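J.: Next come a sequence and a model predicted from it.
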Protein chains: 2
Amino acid sequence: MSGPIETEAGARPQQVAWRLFLTVHALACRRIDSGLLAEECISFDDYDVLLTVNEAAGETLRMSELAEAVLLSNSGMSRRVARLVERGLLHRDQCTQDGRVFRVRLSRAGRRALEKAWEVYSGLIEESFAAHVSEGEAKMLGGIFQRLLDRIGSEKHRGLLAAGVTDAPKRKS
Amino acid sequence: MSGPIETEAGARPQQVAWRLFLTVHALACRRIDSGLLAEECISFDDYDVLLTVNEAAGETLRMSELAEAVLLSNSGMSRRVARLVERGLLHRDQCTQDGRVFRVRLSRAGRRALEKAWEVYSGLIEESFAAHVSEGEAKMLGGIFQRLLDRIGSEKHRGLLAAGVTDAPKRKS
DNA sequence: AAACATTATTTGCGCTTGCAACTAAATCAA
DNA sequence: TTGATTTAGTTGCAAGCGCAAATAATGTTT
């Protein structure tokens, strides 16, 4: 986003890119959100949670890990998970070794919901993003974004996993 | 974001890029948000509103134009502007030709707040984004994002202006 | 073991949002 | 002109969020 004075002419390409980045993000997310809603899938945000759980080593995560991975506050995640449990998409069981921690995993219905949503979601990504970017460009973008993530993200955020960059050796529950 | 089944191995580069895109957005925005807060500036979202008003042709915009440009619902914008008026950063005056429309413009204090925020914000963009992207890469990103915007954005969204693609005739302060 | 400190998660609260219903102003119809 | 329609913007409502305080389970002293 450019500054308050000069704006149109003198903006550096990085600033222009930043601003476009914000706008594209907002537009694409809006489309995807409403696309999922229209097909009666779980929401974009819920998808993110279920996917993160599904991908976790051992297919289970503690509340705080999940919150961190999805970039939501702990309290926000607590309530989000409560709703998902309520709807039968997630199990949330207390850890036997340490009664303070709760582990979350997909239920059968949760897995089905995730799979159904993926069918829709992948099409929406295609239509709102992927179709407009060549494979070479996508690799470039991925490289740049990964670099940004390495520099500004504290550590294990979703993208690392997606890009297969993680080296976490852990095994399941 | 990759799908529920295969994920790490078989993901297309576009899907990897998409997921990283989401994560980088969330992380960078989080940093910028808290950076602005720490320096006692207006919020990221308010900045966006004030900047959009400032850049508008004639430095004034109707409520609905503003909402569209900033990608907020009309009701959300109505309340956001009410708060900004309350705080003395914006004027909101009823149009004399058509009493239904309200035009918004920066107050003096609003302009000062915008300028002060820009000093901080530009540093935060630098640190969270620009510093990690070369000028050539930034141009590439800008090109790709602009293309995406052209394809998925209905029309005049902020990015068009930032990229100097608009043909609006405005001049500065 | 009793008291204190620490860690994991959940609640209370206030704020912001979007949708849908509402009000007000302008335009169209007769 | 009066009445119906459309348009611009604002509210009522029921979410969701983050912060800070509360709760609960462990750990650590002494």
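T.: Received it, and whenever you're ready, just let me know what you need. Numbering: from 1, shown residues only, chains lettered A, B, ... in the order given.
J.: quick check: longest helix of chain A.
T.: Using DSSP state H to define each element, chain A has its longest helix at helix A:13-38.
J.: The helix or strand following that helix packs against which elements?
T.: On the C-terminal side of helix A:13-38, the closest following helix or strand by DSSP states H and E is helix A:44-55. On a contact count with 3 or more CB pairs under 8 Å, 6 or more residues apart in numbering or on different chains; DSSP states H and E, helix A:44-55 meets helix A:13-38, helix A:63-70, helix A:74-86, strand A:90-94, strand A:102-106, helix A:108-128, helix A:158-162. Yep, even glycine has a C-beta here, placed from its N, CA and C like the rest.
J.: what residues does helix A:44-55 touch?
T.: Contacting residues not belonging to helix A:44-55 are listed as A:29, A:32-33, A:36, A:41-42, A:59-61, A:66, A:69-70, A:77, A:80-81, A:84, A:89-90, A:104-106, A:110-111, A:113-114, A:117-118, A:121, A:158, A:161, B:1-2, B:4, B:7-8 [CB atoms under 8 Å, 6 or more residues apart in numbering or on different chains].
J.: Run the contact check for that helix versus DNA strand C.
T.: No. Applying CB under 7 Å from any atom of the strand, one finds helix A:44-55 separated from DNA strand C by no less than 12.5 Å.
J.: and that helix, which residues are buried?
T.: Using 16 or more other CB atoms under 10 Å in any protein chain shown as the test for burial, helix A:44-55 gives A:F44, A:D46, A:Y47, A:D48, A:V49, A:L50, A:L51, A:T52, A:V53, A:N54, A:E55.
J.: go on, stretch A:133-153?
T.: Under 16+ other CB under 10 Å, the buried positions of stretch A:133-153 are A:133, A:137-138, A:140-146, A:148-149, A:152-153.
J.: Could you measure from the residue positioned nearest the centre of chain A over to DNA strand C?
T.: Among the residues of chain A, the one closest to the centroid is A:D48, at 4.5 Å (CA atoms, centre = their mean). Separation of A:D48 from DNA strand C (CB to the nearest atom of the strand, to the nearest Å) stands at 17 Å.
J.: Any regions of chain A where pLDDT drops low?
T.: A:1-10, A:154-173 (pLDDT under 70).
J.: List the contacts of A:F129.
T.: A:A28, B:Q14, B:A17, B:W18, B:F21, B:L148.
J.: Surely the second one touches A:I125?
T.: Just to be clear, that refers to B:Q14. Yes. B:Q14 lies in contact with A:I125 (CB atoms under 8 Å); the separation is 7.5 Å.
J.: next one: phi and psi at A:D98?
T.: phi -130, psi 100 (degrees, to the nearest 10).
J.: Mind listing what's buried along stretch A:83-100?
T.: By 16+ other CB under 10 Å, the buried positions in stretch A:83-100 come out as A:L84, A:L89, A:L90, A:H91.
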